[in-house]
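> give me the fold of what follows.
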Amino acid sequence: MRKTMSIMRSDLIVPLLAILAVLLAAIAIIQPWWSVRTSPELQLMTNSTMNIDAGLFQTLTATRTDANAGTTNTTAFAITNNTAYQDPIFRTITASRTDGNITTTFTFNINNVTSYQQQTQQIHDTTKQTLPLMAAGLVLTIVTMLLTILITRTDMALERYTYVAGVLAVIILLIAPLELAYNVTSFTGSLAITAKTSVWNGEAIAMWGPSIGWYLAIAAALITSVCLLPVRTMYTDRKRRTQSYK
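All right, here's what the predicted structure looks like:
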């Protein structure tokens, strides 16, 4: 009875996990993979935020929110060359702080962050390979899902093919985000302002790093790998039964 209930749970949970992996891989392709944003400290000082998201389709999406004015501006444009950084969306955010008799004013313009420009260009170059990898990973994840449904709902001997497709899917889904992180100098980081008499000394004004798409690709790979565990067990059990009949 206990073994029957375990099999029923496996028949239900494993296909659901496989479907979830497909959804995550598909969403990862259309979501941002890297972003730069104003730090929480600067956001509190200015009551404004600025986010620039880079995706796999060679585009930048810049969003600037000014809570004081109640406005949000969003612009998307293709990553072509450094002239793209002259787009008007790269507006300035001015912050000031008073500490005793010292008043510090700082104007933040992401167009002046040369390290960000360099990294965005590296992302532009790397995502030319990342997008095809993710597309291949998505296809293999779909194949794994379909085969998983078949072997859990029917008696078809497809465990070996399911396992091979799943392993390939996991490898490719992990290669895509790791390749991006490896090929981009300082994939995560922050920019701080340094001034001897300034209360801004050493505080981050901008931060950059992986975004939701990058994390979803890794999550899809991990969930797919979890699905392969019962598939492996099913293959071993079938092989043992086949040998016992001989």
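
> can you tell me the SS state at the spatially most central residue of the chain?
The chain has residue 214 as the residue nearest its centroid, 1.6 Å off, counting by C-alpha atoms, centre = their mean. Here residue 214 takes the helix state, with states given by DSSP: H, G, I helix; E, B strand; the rest coil.

> in the protein, mark out all the helices, start to finish.
2-30, 40-46, 114-153, 159-183, 212-245 (DSSP state H).

> okay if I get these as JSON lines plus distance to residue 62?
The way it works is simple: take the backbone N, C-alpha and C, and place the C-beta from them, glycine included. Listed next are the helices of the chain as JSON lines, based on distance: least, C-beta to C-beta, whole Å:
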{"stretch": "helix 2-30", "distance to residue 62": "18"}
{"stretch": "helix 40-46", "distance to residue 62": "16"}
{"stretch": "helix 114-153", "distance to residue 62": "11"}
{"stretch": "helix 159-183", "distance to residue 62": "20"}
{"stretch": "helix 212-245", "distance to residue 62": "17"}
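
> dump those helices into a markdown table; add mean pLDDT and distance to residue 60 as well.
Output for the helices of the chain, formatted as a markdown table (pLDDT from 0 to 100; distance: least, C-beta to C-beta, whole Å):
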| stretch | mean pLDDT | distance to residue 60 |
| --- | --- | --- |
| helix 2-30 | 78 | 15 |
| helix 40-46 | 75 | 20 |
| helix 114-153 | 85 | 7 |
| helix 159-183 | 92 | 15 |
| helix 212-245 | 82 | 14 |
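
> ok, which of those helices comes nearest residue 70?
Nearest to residue 70 among the helices of the chain is helix 40-46 (14.4 Å), distances taken as C-beta to C-beta.

> next, the buried residues of the closest one.
By neighbour count on 16 or more other C-beta atoms under 10 Å, the buried set for helix 40-46 is 42, 43, 45, 46.

> can you list the residues you listed in TSV and add distance to residue 16?
Output for the buried residues of helix 40-46, formatted as TSV (distance: C-beta to C-beta, whole Å):
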residue	distance to residue 16
42	42
43	39
45	46
46	45
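
> list just the nearest of those to residue 121.
Proximity of the buried residues of helix 40-46 to residue 121 (C-beta to C-beta) peaks at residue 42, which lies at 24.4 Å.

> the closest one and residue 207 touch, don't they?
No: if you go by C-beta atoms under 8 Å, residue 42 and residue 207 don't touch, sitting 9.7 Å apart.

> from residue 19, how far out is the residue nearest to residue 140 when sequence neighbours are not counted?
With sequence-adjacent residues excluded and distances taken as C-beta to C-beta, 6 or more residues apart in numbering, residue 140 is closest to residue 169, at 3.7 Å. Here the criterion is C-beta to C-beta, to the nearest Å. By it, residue 169 lies 14 Å from residue 19.

> over to residue 158?
With C-beta to C-beta as the criterion, residue 158 and residue 19 are 17 Å apart.

> please apply the same query to residue 144.
Using C-beta to C-beta, we find residue 144 at a distance of 10 Å from residue 19.

> more neighbours: these two, which one.
Neighbour count, other C-beta atoms under 10 Å: between residue 144 and residue 19, residue 144 has more, with 27 against 17.

> residue 223 is in contact with that one, correct?
No: at 10.5 Å, residue 144 does not count as touching residue 223 under the criterion of C-beta under 8 Å.

> not counting sequence-adjacent ones, nearest residue to residue 136?
Excluding its sequence neighbours, the residue lying closest to residue 136 (C-beta to C-beta, 6+ apart) is residue 172, at 5.4 Å.
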